[in-house]
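Engineer: model the structure of this input:
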Amino acid sequence: MIPKVFREVIDLGDGRTISLETGKLAKQAHGSVVVQMGKAMLLCTVVSNYKQSDVDFLPLTVDYREKFAAAGRYPGGFFKREARPSDGEVLTMRLVDRVLRPLFPKDYHAETQIMIQLMSHDENVMPDALAGLAASTVIQLSDIPFETPISEVRVARVNGEFVINPNRAQLADADLDMMIGASADSVMMVEGEMDEVSEEEMADAIKFAHEAIKIQCAAQVRLAEAFGKKETREYDAEREDEELAKKIHDAAYQKCYDIAKKGTSKSERSLAFSEVKEEITASFSEEEIEDYGKLIGKYFNKAQKNAVRELTLAEGLRLDGRKTTDIRPIWCEVDYLPSTHGSSIFTRGETQALATVTLGTSREANQIDMPSYEGEETFYLHYNFPPFCTGEARPLRGTSRREVGHGNLAQRALKGMIPSDCPYTVRVVSEVLESNGSSSMATVCSGTMALMDAGVQLKKPVSGIAMGLISDGDRYAVLSDILGDEDHLGDMDFKVTGTADGITACQMDIKVKGLSYEILVNALKQAREGRLHILEKLTDTIAQPSEDVKAHAPKMITKRIPNELIGAFIGPGGKHIQELQKETETTIVLTEDPVTEEGIVEILGTSPTGIEKVIARIESMMFKPEKGSVYEVKVIKMLDFGAVVEYIEAPGNEVLLHVSELAWERTDNVSDVVKMGDILDVKYFGLDPRTRKEKVSRKALLPKPEGYVARPPRDNNKGRDNRGRDNRRDDRKPRENKKEE
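Structural biologist: Numbers count the residues shown, from 1 in each chain. Predicted coordinates for the structure are as follows:
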């Protein structure tokens, strides 16, 4: 039986379209949709258990995978099978999750799984920009409770014009690249990188993207209505008790307000709040505690949150005693680790990051192998968040999605400031040693200083700050340099990085509906003031990048050689290049430039002498003497008919100095004129037309002796007829015919 297919088309307004199709594939899922743009096709499904899980949160899994078959390719590795998700896939999962999660009911705790798969790839379509649209659409086609449709788009500015969902070629020319997630009414998520843009330009890009999202949200509604929108499922809602909530609020609110107003440290606050909670819990009987279950803790946390928010809105004070615009105390240090190529410590309040820099050749570049993109990164940043940084002991399960996301944000913040002519592959690693508010922004700051300490000539230093927002509809407060607790209790947390001249990266999660662009721009401007304050602390510690890399760090020199010399430089089986590396104690990497058709030689080493030897070998290979020029040479071999000499300025380049070119006088023995090791000058004449070999002469630089008479040139045609045949045979005895004998 042919299935009935429902389809909705979204016009992007420039000849491109996005189609949403359901009814054909994966019909046992609670919702399924195929999103297509060009030849790119995403299959998205959602399944949510009908039974609530015994947890107090939504166990939501968003999974995004790119199938290698979608691009007609095989997976790498021995098993030729897709394995763990790549960092690119993880970043897409996070982008979708951050927008979806707040829109499920707070008391909906059924295990929910959204799977998005790239089934067909189009090199002119970036599929991550379609993942949010696909995820929201399948929920609309299901009976899962969800507040409102959302979508995500990528917006770029190319040649001054905003473009929705650009291709990768357009993105290469863009000075702004952002992913925006929103409903028809409110912007909810922003993440991207920019080339030092202003706060107003960033807001304009968000507005432009939001208009495209509104169209995509409407298309989802139309498709769901055509398909037959299902009734939202019923589920066991969490128990509520208004009387209990009021009782706990009355008992806890003022005490929590007073604790928050003291402006104590994280550990002191946590202890004080815990004591209040224990005191309130102790006021209930064992039967009441067993009956109310988790409600006591839930209502206490709510009262505590309301008290802290009101303190900020009413008095402009925060948990640690700061005003809304205050930045925590900062101290920095560079060159802390003696053996690394660069290092720094950045400490802001109770957040601390130790960054290291390692310099290498192109061989150390980070290889990216995804169905939708193949390439390499010569600058990359890794972020580690061990449990001890928050005073916890928990199992280590490998790199978390959070670590991938925070590292990517810091990498995007800094990569635009790495000069294009930097010869190194640069790896930055941030070790978070303490955390109480925005360790990713501490990573940006410590990364900046470590790069400068390592001698990487950053165009400009970059700083970052995490901001918060608290609003009750009538009042609002923007918080600079938020604490971890303020991240949870606020209505918006956003991280902004940049130089003194503009924004380089951002990440926002907006929890309040209908946030005005005026408040957003004001928040960004307050963030700029905080960034500049932090930037001043960084430049006070290290004002300029070190002029050179450290003595123990490898120096990198890049040389180019013609393609025809690559084989000779490498040698048979790599013999020559391996011997040269061993002799000079350097690392030599040779690649071919397909554009210029030249060989690129990277020389990495700690010994200047070794590097100079490699350079001398290359220059020697590339040495081409000019006709008519005089060169200094050294005798390296004696022959009966001349001497083999080597150019002093190009060791390894040899030429024969013929015995006839040693002196004007007749020379019977070469050793009468020159000896092994002699250094002398010769004149270069280029190729001898008679022998087709290079010709050099010593006598050409000597004065002719008096009365010197040059020998007449040999007549090679003497004794030949006009056809060049030897005619002297007529005077000889005729050849006897041996056969006749």
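Engineer: ok, which stretches of the stretch 451-600 of the chain are helices?
Structural biologist: 484-489, 517-541, 566-570, 575-584 (DSSP state H, counting those that start in this stretch).
Engineer: how far away from the center of its chain is the longest one?
Structural biologist: Translated: helix 517-541. 24 Å (CA atoms, centre = their mean, to the nearest Å).
Engineer: any buried residues in it, and which?
Structural biologist: 520-521, 523-524, 526-528, 530-531, 533-535, 537-539, 541 (16 or more other CB atoms under 10 Å). Bear in mind the C-beta positions are built from the backbone N, C-alpha and C, glycine included.
Engineer: which residues of the chain score low on pLDDT?
Structural biologist: Within the chain, the segments meeting pLDDT under 70 span 710-741.
Engineer: residue contacts, residue 144?
Structural biologist: Counting by CB atoms under 8 Å, 6 or more residues apart in numbering, residue 144 touches 30-31, 46, 48, 104, 112, 232-233.
Engineer: ok, and the most crowded of the residues you listed?
Structural biologist: Highest neighbour count within these: residue 46, with 28 neighbours (other CB atoms under 10 Å).
Engineer: confirm that residue sits in a strand?
Structural biologist: Yes: counting by DSSP: H, G, I helix; E, B strand; the rest coil, residue 46 is found in a strand.
Engineer: I figured it was touching residue 137, is that so?
Structural biologist: No: with contacts defined as CB atoms under 8 Å, residue 46 does not count as touching residue 137, sitting 9.4 Å away.
Engineer: overlap in contacts, these two.
Structural biologist: residue 31.
Engineer: nearest the middle, which residue of this structure would you pick?
Structural biologist: residue 380 (4.7 Å; CA atoms, centre = their mean).
Engineer: next helix or strand past whichever strand or helix holds that one?
Structural biologist: Secondary structure from DSSP states H and E places residue 380 in strand 379-384. Using DSSP H and E, the next helix or strand after strand 379-384 towards the C-terminus is helix 401-415.
Engineer: what's that following helix packed up against?
Structural biologist: helix 87-100, strand 187-197, strand 379-384, strand 425-434, helix 439-453, strand 492-499, strand 502-510 (3 or more CB pairs under 8 Å, 6 or more residues apart in numbering; DSSP states H and E).
Engineer: rerun that using 10 Å as the cut-off
Structural biologist: helix 87-100, strand 187-197, strand 379-384, strand 425-434, helix 439-453, strand 463-471, strand 492-499, strand 502-510 (3 or more CB pairs under 10 Å, 6 or more residues apart in numbering; DSSP states H and E).
Engineer: strands paired with the fourth one, and their directions?
Structural biologist: Its sheet considered, strand 425-434 pairs with strand 351-360 (antiparallel), strand 379-384 (parallel) by DSSP bridges.
Engineer: looking at the ones you listed, which is closest to residue 563?
Structural biologist: strand 351-360 (24.9 Å; CB to CB).
Engineer: ok now that closest one, how far from the chain's centre?
Structural biologist: 15 Å.
Engineer: all helices for the stretch 101-250 of the chain, in order.
Structural biologist: 128-140, 168-172, 199-227, 242-261.
Engineer: what packs against the helix or strand that the last one is followed by?
Structural biologist: When you say that, I think you mean helix 242-261. Per DSSP H and E, helix 242-261 leads on to helix 266-282 as the next helix or strand towards the C-terminus. Applying 3+ CB pairs under 10 Å, 6+ apart, one finds that helix 266-282 contacts helix 242-261, helix 286-292, helix 295-315, helix 484-489.
Engineer: list the buried residues of helix 266-282.
Structural biologist: 266, 269, 272-273, 276-277, 280.
Engineer: and if you look at stretch 362-376?
Structural biologist: 362, 364-366, 370-373.
Engineer: try stretch 146-166
Structural biologist: 146, 149-158, 162-166.
Engineer: quick revisit: so which of the strands paired with strand 425-434 gets nearest residue 512?
Structural biologist: The nearest among the strands paired with strand 425-434, by CB to CB, is strand 351-360 at 25.0 Å.
Engineer: C-terminal to that closest one, which secondary structure element comes first?
Structural biologist: Heading C-terminal from strand 351-360 (DSSP H and E), you reach strand 366-370.
Engineer: related to what we said a few turns ago, mind putting the contacts of residue 144 into a markdown table with distance to residue 515?
Structural biologist: Shown next, in a markdown table, are those (distance: CB to CB, whole Å):
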| residue | distance to residue 515 |
| --- | --- |
| 30 | 32 |
| 31 | 29 |
| 46 | 28 |
| 48 | 29 |
| 104 | 20 |
| 112 | 27 |
| 232 | 27 |
| 233 | 31 |
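Engineer: give me the nearest residue to residue 510, chain neighbours excluded.
Structural biologist: residue 492 (4.7 Å; CB to CB, 6 or more residues apart in numbering).
Engineer: ok, that neighbour touching residue 467?
Structural biologist: Yes: counting by CB atoms under 10 Å, residue 492 touches residue 467, with 7.9 Å between them.
Engineer: what do those two both touch?
Structural biologist: Residues touching both residue 492 and residue 467 (CB atoms under 10 Å, 6 or more residues apart in numbering): 478-479, 508, 523.
Engineer: tell me the one of those nearest residue 675?
Structural biologist: Among these, and counting by CB to CB, the member closest to residue 675 is residue 508, at 80.3 Å.
Engineer: now render the shared contacts of residue 492 and residue 467 as CSV, adding distance to residue 25.
Structural biologist: Below are the shared contacts of residue 492 and residue 467 laid out as CSV (distance: CB to CB, whole Å):
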residue, distance to residue 25
478, 46
479, 47
508, 34
523, 43
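Engineer: could you identify the most distant pair in those residues?
Structural biologist: 479 and 508 (13.9 Å).
Engineer: now for these two: what residues contact both?
Structural biologist: Contacts common to residue 479 and residue 508, judged by CB under 10 Å, 6+ apart, are 467, 469, 492-493, 523.
Engineer: now the two most distant members of those.
Structural biologist: Across the shared contacts of residue 479 and residue 508 (CB to CB), the longest gap, 10.6 Å, separates 493 and 523.
Engineer: between these two, which contacts overlap?
Structural biologist: 467-469, 479, 508.
Engineer: may I see the residues you listed arranged in CSV, with neighbour count and distance to residue 347 as well?
Structural biologist: Listed next are those as CSV, based on neighbours: other CB atoms under 10 Å; distance: CB to CB, whole Å:
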residue, neighbour count, distance to residue 347
467, 25, 19
468, 26, 20
469, 24, 25
479, 27, 20
508, 27, 25
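Engineer: among those, which pair sits farthest apart?
Structural biologist: It's 479 and 508 that sit farthest apart of the shared contacts of residue 493 and residue 523, by CB to CB, at 13.9 Å.
Engineer: about what we covered before: looking at the buried residues of stretch 146-166, spot the one nearest residue 437.
Structural biologist: residue 152 (26.9 Å).
Engineer: ok, that closest one - contacts?
Structural biologist: 92, 95-96, 98-100, 128-136, 165, 179-182, 188-189, 191, 209, 213, 216.
Engineer: now with 7 Å, please.
Structural biologist: 95, 99, 129, 132-133, 179-181 (CB atoms under 7 Å, 6 or more residues apart in numbering).
Engineer: and the residue nearest to the centre of the chain, how far from residue 364?
Structural biologist: 10 Å (CB to CB, to the nearest Å).
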